[in-house]
Every structure is written in structure tokens, then in C-alpha cells.
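Trainee: Dropping the sequence and predicted coords here.
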Amino acid sequence: MSTPDAAVAAAAQAPSSPSAAASHVPEPGRRGSLGPVGLVLAGGISVQFGAALAISLMPRAGALGVVSLRLLVAAIVLLLVCRPRLRGHSRADWGTVVVFGVTMGAMNGLFYQAVDRIPLGAAVTLEVLGPLALSVLASRRAVNAVWAALALVGVFLLGGGGFDTLDPVGVAYALGAGAMWATYILFSARTGRRFPQADGLALAMAVAAVLFLPLGIAESGSKLLDPTTLLLGAGVAVLSSVLPYTLELLALRRLPASTFAVLMSLEPAIAATAGFLVLHQALSATQALAIAFVVAASMGAVRTQVGRRRRTRTKVRDTGRGEGDGDGRRVQASGE
């Protein structure tokens, strides 16, 4: 499953998945470093292998039970680490964090229902269409029609021309998770603006855990108290939430958000690899090509949006210089 995106440069820097609730300014001279890139890739691998572990746990605890354990353990860890301040927030702040938590819970619940029915690689590929569509719509450039078409070709190939090889209910759940992921990106950005550091993320995770726990109990009951189930559920939470959040937070201090978004576009390929290695979910050549198309479309959409933003900043800076040194400095600062 995806991880929270560093408020991921809001809607424009889409397919980033689910990490820090606020992006960081990269340190000068570190953009070419392999260190932060390795951290992002390690986080993506952790997320997808955590999802593979969750799938193997579902026969013991059910899909909703696994989601409940993941959210609960992740919420406890984040609350202990972040210790978010509860006072001094407005009603609008709390409304934002509650919606963020509801979206997070729905995103995870729908995704786990999907991977309970269709292969992990296919589920993540369909899910990433949500952020991809958000990126295309936010850009509103003609070239993004090319990326959208490429993604649609990939989806067509993934479904074997009609999705007769995939459970249609699983496909619907994956697409629903993608819609929630796009919504998640928007509210991640809003929460990051209203709460310091990762406080909003910790509170939203708690909201998601509280909402989902009754569903998990209703489906699995006392099975959730089995020591082995609890241990594996904690492993899912660490691999799918705690570890990726930490790695991505560290990476975003030294890595441009645009590069982060491109790297996160690799998640469908990482998920397919995890599904093959852990769950023995082999892909046909056509399905592998389909995933490659969606990954390429995702990267293309992100790079197109980044190029547009850079040209806009350059234009603003040039305009500012023409109006005088003082105004130019103010325009440049606001543009960056």
C-alpha cells in the first residue's frame, strides 16, 4: 500500500504515495546524492513487501482485521514519537485532520480489499491511476493527454482487453483506493499547512485507527488477539507505515519533491516484484508491459508538471528583475 506523501507538493506532484506531512527544502549540493534516492527506494520496497506480508496474513485475520492492526500499531508509534499538541487548533484544523484520517482509512481499507482479490502488482497499478489523474487534471496541458492515453493502454493490457482475467470486484476496490489516494494527497497538503512537522499525520492516523477498529473486530473478533497475528500485524505496520514514513521524511530533507514524486512512480513495478518474490504471483509478459506503460505515464506526467512549474518560476523571476531589485527579490522569494 502507498504511504503518506510528504504533502507531496500538493496535487501537481502526483503519484507519490502515501509520507511526511510537510515537504522539506533540499540542502544545497545534495540533489545528485544517491543517499536520499536510496532512502526513497528503500521506503517503497518496505511498503510493497509490507503489503505482501499483509496479504499472507489475511487468511488468519481477514482484510479488515489486517487494516485495523496496521493502522492501530502505526497510530500508537506515531503518537508516541510525534507527541502532537492537542490544544490551540481551530475547528477547521480538526475538520481537516478528521477528513484526512477518514480518507486514509478508506484508502487502506479499499486497497486491502483489492489485494485480497487480485495480484498485488495489478492492484497498485490500478491504484496509481488516482494520483496520475490528479496530476493530469492539475497540469491542464495538452501533452498530458499523451500520458493519460499511455496509462489507459496499460490498463487495457492489464485487463487482458476486458478484465476477464481479474476479479472485477477487486478491480473496483483498487480504483476506489486510487480515488482515495488522490483525495489523500490533497488533504495531506492541507494538513501539512495546518499542523507542524508530522503532528497532523499522527492525529489523522489515530482517527483512521479508531474508525477501522470496530470493522476489524466485527470481521475477525478474537483472532486479532492471537499472539502470532499481533506480531505479524505489527510487522505490517512497521514495514508499510512506520519505516517508510521515517525513510521518506529523511529523504525529503535532501531531495527535491519532484524527484521524490518520480521515484514513487515506480511503486507498481516494486509491488509486482514483491508479489512475485513473496506471494509467487507471476506476471505474464502482457501484464508486465501494462505495468511498464503505467509507470512511464506516471513519470511523464510528473516531469511535465515539474517542467511547467520551473518555467513559471523563471518567468516570474525575470519579470521581477525588470521591475527593480527590491521587487525582484520579493517576487523571486514568493515564486520559490
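Mentor: Great, that's in hand.

Trainee: what's next to stretch 46-60, contact-wise?
Mentor: 1-3, 17, 66, 70, 111-112, 115-116, 120, 124, 223, 226, 228-229, 232-233, 235-236, 238-241, 243-244, 247, 267, 270-271, 273-275, 277-279 (CB atoms under 8 Å, 6 or more residues apart in numbering). All C-beta spots, glycine's among them, are computed from the backbone N, C-alpha and C.

Trainee: Need the CA coordinates for that stretch. PDB is fine.
Mentor: Extracted in PDB, the C-alpha atoms of stretch 46-60 (Å, rounded to 0.1, in the frame of the first residue of the first chain):
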ATOM      1  CA  SER A  46       9.300  -1.600   2.500                       C
ATOM      2  CA  VAL A  47       5.800  -0.500   1.700                       C
ATOM      3  CA  GLN A  48       5.200  -3.200  -1.000                       C
ATOM      4  CA  PHE A  49       6.800  -6.000   0.900                       C
ATOM      5  CA  GLY A  50       4.700  -5.000   3.900                       C
ATOM      6  CA  ALA A  51       1.700  -5.300   1.600                       C
ATOM      7  CA  ALA A  52       2.800  -8.700   0.600                       C
ATOM      8  CA  LEU A  53       3.100  -9.700   4.300                       C
ATOM      9  CA  ALA A  54      -0.400  -8.300   4.900                       C
ATOM     10  CA  ILE A  55      -1.800 -10.500   2.100                       C
ATOM     11  CA  SER A  56      -0.200 -13.600   3.700                       C
ATOM     12  CA  LEU A  57      -1.800 -12.600   7.000                       C
ATOM     13  CA  MET A  58      -5.300 -12.200   5.600                       C
ATOM     14  CA  PRO A  59      -6.300 -15.900   5.900                       C
ATOM     15  CA  ARG A  60      -5.700 -15.500   9.700                       C
END
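
Trainee: What secondary structure category should be reported for residue 196?
Mentor: Here residue 196 is recorded as coil under DSSP: H, G, I helix; E, B strand; the rest coil.

Trainee: With the one 4 residues further on instead?
Mentor: Using three-state DSSP as the criterion, the local structure at residue 200 reads helix.

Trainee: No further queries at this time; thank you.
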